[in-house]
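Enquirer: model the structure of this input:
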Amino acid sequence: MSGPSSYQPSHPALQWFEKRLPLVGLIHSSFIAYPTPRNLNYWWTFGGILSFMLGVQIITGVILAMHYTPHVDHAFNSVEAIVRDVNYGWLLRYLHSNGASMFFIAVYIHMLRGLYYGSYKAPREVLWILGVIIYLLMMATGFMGYVLPWGQMSFWGATVITNLFSAIPYVGESIVTLLWGGYAVGNPTLNRFFSLHYLLPFVIAGVVVLHVWALHVVGQNNPAGVEVKTEKDVVPFTPYATIKDGFGIVCFMIFFAWFVFYIPNYLGDPDNYIPANPGVTPAHIVPEWYYLPFYAILRSIPSKLGGVIAMFSAIIVLAFLPWLDSAKTRSSKYRPLAKQFFWIFVVVCLLLGWLGGKPAEGIYITAGRILTFCYFAYFLIVLPILSRIETPRAVPNSIADDVLAKYGKKAGPMAPVILALVLAGGLVMGGSQGAKAAEGGPTPPSLSWSFAGPFGKFDRGALQRGYKVYKEVCATCHSMNLVHFRNLADPGGPGFSAAQALAVASDIQVKDGPNDAGDMFDRPGRLADKFPSPFPNENAARAANGGAYPPDLSLMAKARNYDRGFPQFIFDFFTQFQEKGPNYIDALLQGYEDAPKDFQLPQGAYYNKYFPGHAIKMPKPISDDQVTYDDGTPQKVENYAKDVATFMMWTAEPHLEARKRLGLQVMVFLLIFAGLMYFTKKKVWADAH
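Expert: Sure, this is the predicted structure:
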């Protein structure tokens, strides 16, 4: 990749091999002796971070694929089986799902860095275009992966996005039918997406190899935007760049681990913990946060075809940047006007992301059109004009001069810029969460939960009392088909012994068979059996509940959400707040009231101030002294509600305690490792400055 290598093996066997296949020499020239500009800042470490994240996604994805079932009847449960029953399956799932967001965070920073420092300019045009191709492949891979869990947002996201191709004249309907494998999103669609989602990361890896190859041919850009002139301008890639990239990767791993171990569902959609149902459309169909700016552009155009063209053009225009910006000075560091317009462009992108999570109505549509114009104007109007009228400041004569100038004075602090980006990113993601939240009704009060925070654990007494409330009250209407009786004796659960769990299971009769005579028969429950469903099928459940279908409660604590908005969304990140579901369940059970006089309550419904729309088919399920507590806890509705909400949090997150315990160990290790890497980097770079 980097030309002839100076590597000369000393061992005869290595000499023989190197003459026939100079693999070690290629590695030496590309990743050890490769000359690297000595003035690269930490924004350049995101290339290494992206390589690391690609490896994480491929490895975790391959292992997850070994347990996943790509069938509409089994996909949802197979994902939950991975989380619940596979050894460290929860870790694999959260690494992969949160890894997608981390991948996009890193790639957006990487792209903005290239945009700011002019890394797309000659002679790096092919390098930049390959990066745009990687980005397109990432978007396709991420979209297909989002469909695989086969939850509500997976199904409806696939339906909406694939339907966009129908806007293409003449061939649109054929493309949609090909993608679906039929006339609606279904099993062939899921199989196609699974196959492509498995394949495309390896295609991305191949294009990444080309990307790195192109980088080593033309050389790296740098903050000064000047080319390498003498040996004083460069340092060997190893150990200088490797130790700096290593420190950056460890810092990013700390950020990544915070999500994986403490707030794994922070960036997800609660609706995806509800099995896909073609008959029920979510209130807001919103893509993942990293697609929101382009989703806003799509919706801002009144024509369906025009919106599709604008959305794809917003990405493809990036490939033409080398020719749209003809300024001779690369780095915006020396272009005052270009720098100002760059930060305006960043704000426009963040606001587009925020708008993408809002309903497509009223002022949001108008704002979306204005910002869409601003987005395209930056590439098609601002950059071409600036390249002709702007007078840049003098650039350093060489990279070495830039290093001397940088270290001759104190470098400007990066913390304010990073903080501003974090807050703005929170606005985008917080806006998307707001769009997904339940509508109507006051916000449920936030309670104090034993399982909250980095050291939180389940209250065993509350879990056992909550199980009793579920068994005596909730189980008469609601199933819990992802929980087995053996789980009652699992570590981190209600604390039942194996004998107690077996006794609980034996109290029920399970229909089994056929026996040798071909007949079905009833038998006592076993530890391996799931909690029984109160109804034989959905129609029977609806008939017994006035036409309403009582939802399964296994994942209810993660499938319910409410709006906390911005800036509370930012505070939730630092406080590890993820108790929306339990708060909602507790409030719902206590939220029954007489309907206001001006409220039209449908026949057969009950008024609940916390339920979306306030009209709920379920009558008030519980009252004081309805369930007997043997431990002396007051038999009040507020205690029943909190205990059963705690129990449902455990059924939704059975490995919560193990996750936080491992998270503490990982975070301590990474913090110590980051400190060691930092001081090692300082020592290595001491003679380079």
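Enquirer: next, the residue nearest to Cys477 when sequence neighbours are not counted: phi, psi?
Expert: Ranked by CB to CB, 6 or more residues apart in numbering and with sequence neighbours excluded, the top spatial neighbour of Cys477 is Pro550, at 4.3 Å. C-betas here are computed from N, CA, C, even on glycine. Comment: the main-chain dihedrals of Pro550 come out as phi -60, psi 120, following degrees, to the nearest 10.
Enquirer: Pro550 and Met480 touch, don't they?
Expert: No: the pair formed by Pro550 and Met480 falls short of the contact definition of CB atoms under 8 Å, at 11.0 Å.
Enquirer: low-confidence stretches in the stretch 551-689 of the chain?
Expert: Within the stretch 551-689 of the chain, the set of residues satisfying pLDDT under 70 comprises 689.
Enquirer: cutoff 90 now
Expert: With pLDDT under 90 as the threshold, the stretch 551-689 of the chain has low-confidence stretches at 561-573, 597-598, 603-604, 612-613, 686-689.
Enquirer: swap in the stretch 401-550 of the chain?
Expert: 401-443, 509-522, 536, 544-548.
Enquirer: again, only this time at 70
Expert: Residues of the stretch 401-550 of the chain that meet the criterion pLDDT under 70 lie in 406-441.
Enquirer: and for the closest residue to Leu380 other than its chain neighbours, the neighbour number?
Expert: Distance criterion CB to CB, 6+ apart; nearest residue to Leu380, sequence neighbours excluded, is Leu324 at 6.9 Å. Leu324 sits with 17 neighbouring residues when counted by other CB atoms under 10 Å.
Enquirer: show me what contacts Leu324?
Expert: 317, 379-380, 383-384 (CB atoms under 8 Å, 6 or more residues apart in numbering).
Enquirer: look up how far Arg335 lies from it.
Expert: Noted for Leu324: a distance of 15 Å to Arg335, by CB to CB, to the nearest Å.
Enquirer: now do Pro169
Expert: Pro169 sits 42 Å away from Arg335 when distances are taken as CB to CB.
Enquirer: what's the answer for Gln626, then?
Expert: From Gln626 over to Arg335 (counting by CB to CB), the distance is 72 Å.
Enquirer: Pro169 and Arg335: which is more packed in?
Expert: Using other CB under 10 Å, the more surrounded residue of Pro169 and Arg335 is Arg335, with 24 against 6.
Enquirer: now the more buried one. Nearest residue, chain neighbours left out?
Expert: Take Arg335 and drop its neighbours on the chain: the residue closest to it by CB to CB, 6+ apart is Pro392, 4.8 Å away.
Enquirer: and for Gly547, the neighbour number?
Expert: By other CB under 10 Å, the residues close to Gly547 number 9.
Enquirer: that one contacts Ala605, doesn't it?
Expert: No: applying CB under 8 Å as the test, Gly547 and Ala605 come out as separate, 10.5 Å apart.
Enquirer: shared neighbours of the two, anything?
Expert: Residues touching both Gly547 and Ala605 (CB under 8 Å, 6+ apart) are Lys617.
Enquirer: in contact with Val382: list those residues for me.
Expert: With contact taken as CB under 8 Å, 6+ apart, Val382 is in contact with Phe341.
Enquirer: try 10 Å
Expert: Contacts here follow CB atoms under 10 Å, 6 or more residues apart in numbering; on that basis Val382 touches 324-325, 337-338, 341-342, 344-345, 374, 376.
Enquirer: now do the longest helix seen in the chain: which elements does it pack against?
Expert: Longest helix in the chain by number of residues, with DSSP state H as the criterion: helix 187-218. In this structure, helix 187-218 makes packing contacts with helix 23-31, helix 46-65, helix 75-85, helix 125-147, helix 152-163, helix 172-180, judged by 3 or more CB pairs under 10 Å, 6 or more residues apart in numbering; DSSP states H and E.
Enquirer: secondary structure class for the most far-flung residue of the chain relative to its centre?
Expert: Distance from the C-alpha centroid of the chain, by CA atoms, centre = their mean, peaks at Ala517 (51.8 Å). Reducing the assignment at Ala517 to three states with DSSP: H, G, I helix; E, B strand; the rest coil gives coil.
Enquirer: okay, now the unreliable bits of the stretch 1-150 of the chain?
Expert: Low-confidence regions of the stretch 1-150 of the chain, defined by pLDDT under 70, span residues 1-5.
Enquirer: mind doing that once more with 80?
Expert: With pLDDT under 80 as the threshold, the stretch 1-150 of the chain has low-confidence stretches at 1-6.
Enquirer: distance of the residue nearest to Leu380 from Ser387?
Expert: From Leu324 across to Ser387, the span is 8 Å (CB to CB).
Enquirer: likewise for Glu80?
Expert: For Glu80, the distance to Ser387 equals 54 Å [CB to CB].
Enquirer: so how far is stretch 482-495 off the chain centroid?
Expert: Centroid displacement of stretch 482-495 relative to its chain, using CA atoms, centre = their mean, to the nearest Å, is 28 Å.
Enquirer: now it: buried residues?
Expert: Of the residues in stretch 482-495, 482-490, 492-494 count as buried by neighbour count, 16 or more other CB atoms under 10 Å.
Enquirer: what's the burial count for Thr628?
Expert: The criterion is other CB under 10 Å. On that basis, Thr628 has 8 neighbouring residues.
Enquirer: tell me the contacts of it?
Expert: Contacts of Thr628 were listed using CB under 10 Å, 6+ apart, and they are 468, 472, 635.
Enquirer: in helices, which of those appear?
Expert: Among the contacts of Thr628, DSSP H puts 468, 472 in helices.
Enquirer: which among the contacts of Thr628 end up buried?
Expert: Those of the contacts of Thr628 that meet the buried threshold are Lys468, by 16+ other CB under 10 Å.
Enquirer: just to revisit the earlier point, turn the helices and strands packed on helix 187-218 into TSV, including distance to Val510 and mean neighbour count.
Expert: Compiled in TSV, these are given as follows (distance: least, CB to CB, whole Å; neighbours: other CB atoms under 10 Å):
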stretch	distance to Val510	mean neighbour count
helix 23-31	60	16
helix 46-65	31	19
helix 75-85	19	19
helix 125-147	34	20
helix 152-163	30	22
helix 172-180	39	15
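Enquirer: so which of those helices comes closest to Asp233?
Expert: Evaluated over the helices and strands packed on helix 187-218, closeness to Asp233 peaks at helix 23-31, with 18.3 Å, by CB to CB.
Enquirer: need the contact partners of that closest one.
Expert: 1-9, 14, 17-18, 22, 32-34, 212-213, 215-216, 236-238, 241-242.
Enquirer: next SSE downstream of it?
Expert: Scanning forward in sequence from helix 23-31, with DSSP states H and E defining helices and strands, the next element found is strand 35-37.
Enquirer: run me through the strand neighbours of that next one, direction for each.
Expert: Within its sheet, strand 35-37 is paired with strand 234-236 (antiparallel), according to DSSP bridges.
Enquirer: avg pLDDT for the partner strand?
Expert: If you average the pLDDT over strand 234-236, you get 93.
Enquirer: same check on stretch 366-373?
Expert: With pLDDT averaged residue by residue, stretch 366-373 scores 96.
Enquirer: flag every buried residue along that stretch.
Expert: By 16+ other CB under 10 Å, the buried positions in stretch 366-373 come out as 367-369, 371-372.
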